[in-house]
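>>> Here is my input, please return the structure:
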Amino acid sequence: MRKVFLFVGLSLFFLNVNAQVNETKNDLQAIQKTLDLYMDGQAFGDSAKVAQAFHDSWQLKGFSDNEFRVIPKAKYLVGYKKRDAKPNNWSARTVFIDISNNAAVAKVEISTSRLLFTDYFNLLRTDKGWFIVDKISSRVPHKTVETPAVKSK
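Now for the predicted structure:
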């Protein structure tokens, strides 16, 4: 009888662990899909795609010119210029995603010909899926290194 209880107990434990792994995998894929919407929208200047990734309460928070700034979603989405192709020397990547139940954080880097943008997102899972609810961002010029020309002999 003990063996039966042990077997049933272990089976339930492994089923629970497997369900948690599958849920995390599904959340990870759903979050990546949300981040891809954002990155594709940035690449093609498509404010509609970017807006789909953002919750209605979304805000950009940052510090520039010695001033803390908060930009709401409606103001942020103005000024996008739609393009047919990604600009030259443009790339984006998800650096990491960290999930805790229905909350997550993510880091995305977008590189243009002149600047490197680093975006940190707070995301929440709602009954309609995962949404970016807040963003803080930094941008820096790409570091260039001059190398001396090789002299021919």
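>>> For the protein, give me the ranges with low pLDDT.
Residues of the chain meeting the criterion pLDDT under 70: 1, 3-23, 144-146, 152-153.
>>> what about the strands in it?
Residue ranges of the strands in the chain, as given by DSSP state E, are 54-64, 67-72, 91-100, 103-111, 115-126, 129-141.
>>> For stretch 106-123, output the C-alpha coordinates as CSV.
Taking Å, rounded to 0.1, in the frame of the first residue of the first chain, the C-alpha atoms of stretch 106-123 are listed here in CSV:
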residue,chain,number,x,y,z
ALA,A,106,12.5,42.3,-20.2
LYS,A,107,15.5,44.0,-21.7
VAL,A,108,15.6,44.9,-25.4
GLU,A,109,18.4,46.5,-27.4
ILE,A,110,17.9,48.3,-30.7
SER,A,111,20.9,49.3,-32.7
THR,A,112,20.7,51.9,-35.4
SER,A,113,23.6,53.3,-37.6
ARG,A,114,24.3,56.0,-34.9
LEU,A,115,22.7,55.0,-31.6
LEU,A,116,22.2,52.0,-29.3
PHE,A,117,18.9,52.1,-27.5
THR,A,118,18.5,49.9,-24.4
ASP,A,119,14.8,49.5,-23.3
TYR,A,120,13.7,48.0,-20.1
PHE,A,121,10.0,46.8,-20.0
ASN,A,122,7.6,45.9,-17.2
LEU,A,123,5.0,43.5,-18.5
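>>> Just the buried residues of it, please?
Burial within stretch 106-123, assessed by neighbour count using 16 or more other C-beta atoms under 10 Å, is assigned to 106, 108, 110, 112, 119, 121-123. (C-beta placed from N, C-alpha, C; glycine too.)
>>> thinking again about what came up before, as a markdown table, the strands of the chain with distance to residue 42 would be great.
As requested, the strands of the chain are arranged in a markdown table below (distance: least, C-beta to C-beta, whole Å):
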| stretch | distance to residue 42 |
| --- | --- |
| strand 54-64 | 12 |
| strand 67-72 | 15 |
| strand 91-100 | 7 |
| strand 103-111 | 6 |
| strand 115-126 | 9 |
| strand 129-141 | 11 |
